[in-house]
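Undergrad: For reference, the sequence and a predicted model appear below.
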Amino acid sequence: MILHVDQITHHDRYRLVIGAIVPRPIAWVSTMDAAGRLNLAPFSYFNAVCPSPMTLVFCPGVHGDGRKKDSWRNIEAVPEFVINITNEDTAEVMNQTSVVLPAGQSEFAWAGVTPAPSQTIRVPRVAEAPIAFECVLERIVVISDQPGGGAAIFGRVTCVHVRDDVYDNGRIDLAALRPIGRLAGDGYTRATDVFHMRRPAAPLPNPLPGGEGAAAPLHSPLPGGEGVPSGG
Ligand SMILES: Cc1cc2nc3c(=O)[nH]c(=O)nc-3n(C[C@H](O)[C@H](O)[C@H](O)COP(=O)(O)O)c2cc1C
């Protein structure tokens, strides 16, 4: 099957994206408007960009009536935000905060989520979240501000909160974190069926039938030292 994107509907494009790109992590984003009113909403178009400078990205869209999502508008007004990490324990309330409330009405109060002060920015984090990244706006890349469009909002992380039981000697403890991922429709998944693969250190033959020659090594060591971990 070949699908030319200009020959299918917006709805079918949406279903292809949310069904094919799975599971997606979820940014639970707290923001503040110019009047200091709080907003909280989940976004699964979310990922890491790089560890140094520590940078994350999430992508709010445009409503059918052409209005940008409140999180996007708030960050334009107050250029800082917190990306809270949700998990199995906070999944229900996270979902509640995806409700569309009138601008300025807080999903914190509506869903019964506790705002806790941040260290480096005015916008509070979610007290119940096991991990929270305080961010200052790095840049907004607008792909389209028309209905169906969206923007990539990059945040430079200034401070990270990690619940003590989730942090094990510099590593995040997966079993304690109990992360969730977003699937299509109403679907979510847990990270409970984990398998491991070592990354190859040298070029390997391409295992695909008809594959050509050797695949490129996945990472190259830096001269005279250990590779710097970068990509996910
Ligand atoms: C798990 C989950 C993930 C979502 N991901 C996105 C997303 O990546 N982009 C988006 O525009 N809306 C997404 N939504 C919908 C928004 O959360 C919803 O439109 C919310 O009302 C936006 O809030 P705001 O207008 O206060 O920013 C998601 C909803 C849920 C439940």
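TA: The structure has been received and is ready for your questions. Numbering: from 1, shown residues only.
Undergrad: Once you drop chain neighbours, what's closest to Thr114?
TA: Ala127 (3.9 Å; C-beta to C-beta, 6 or more residues apart in numbering). Using the backbone N, CA and C atoms, a C-beta is placed for each residue, glycine as well.
Undergrad: what's across from the most centrally placed residue in the chain in the sheet?
TA: Central residue of the chain (C-alpha atoms, centre = their mean): Phe46, 2.6 Å from the mean position. Taking DSSP bridges as the rule, Phe46 bridges to Phe58.
Undergrad: Any part of the helix or strand harbouring Ile143 near the ligand?
TA: Using DSSP states H and E, the secondary-structure element containing Ile143 is strand 131-144. No - Strand 131-144 does not reach the ligand (C-beta under 6 Å from any ligand atom); its nearest approach is 11.8 Å.
Undergrad: quick one: buried residues of that strand?
TA: Neighbour counts over strand 131-144 (16 or more other C-beta atoms under 10 Å) mark 131-135, 138 as buried.
Undergrad: ditto for stretch 152-170
TA: 152-158, 161-163, 166-167.
Undergrad: any residues touching stretch 48-63, and which ones?
TA: For stretch 48-63, the external contacting residues (C-beta atoms under 8 Å, 6 or more residues apart in numbering) are 27, 29, 41, 43, 45-47, 68-69, 71-72, 83, 100, 133, 135, 138, 144-157, 160, 229-230, 232.
Undergrad: could you give me the average pLDDT of that stretch?
TA: The average pLDDT for stretch 48-63 rounds to 98.
Undergrad: What of stretch 27-40?
TA: Mean per-residue pLDDT for stretch 27-40: 97.
Undergrad: Of all the residues in that stretch, which ones are buried?
TA: Neighbour-count burial for stretch 27-40 flags 27-33, 38-40 (criterion: 16+ other C-beta under 10 Å).
Undergrad: start to end distance for that stretch?
TA: Criterion C-alpha to C-alpha, to the nearest Å; first-to-last residue distance in stretch 27-40 is 10 Å.
Undergrad: quick one: it to chain centroid distance?
TA: Centroid separation between stretch 27-40 and its chain, computed with C-alpha atoms, centre = their mean, to the nearest Å, is 16 Å.
Undergrad: how about it, does it reach the ligand?
TA: Yes - Stretch 27-40 is in contact with the ligand by C-beta under 6 Å from any ligand atom, via Asn39.
Undergrad: So what would you say the end-to-end distance of stretch 101-116 is?
TA: End-to-end distance for stretch 101-116: 21 Å, by C-alpha to C-alpha.
Undergrad: how about it: buried residues?
TA: Neighbour-count burial for stretch 101-116 flags 101, 106-108, 111, 113, 115-116 (criterion: 16+ other C-beta under 10 Å).
Undergrad: Pipe these into TSV and attach distance to His63, secondary structure and pLDDT per row.
TA: Supplementary listing: those in TSV, determined by distance: C-beta to C-beta, whole Å; DSSP: H, G, I helix; E, B strand; the rest coil; pLDDT from 0 to 100:
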residue	distance to His63	secondary structure	pLDDT
Leu101	13	coil	87
Ser106	19	coil	89
Glu107	16	helix	92
Phe108	21	helix	94
Ala111	20	helix	95
Val113	23	coil	97
Pro115	25	strand	98
Ala116	29	strand	98
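Undergrad: And Glu138, how close does it get to Leu3?
TA: Using C-beta to C-beta, to the nearest Å, we find Glu138 at a distance of 34 Å from Leu3.
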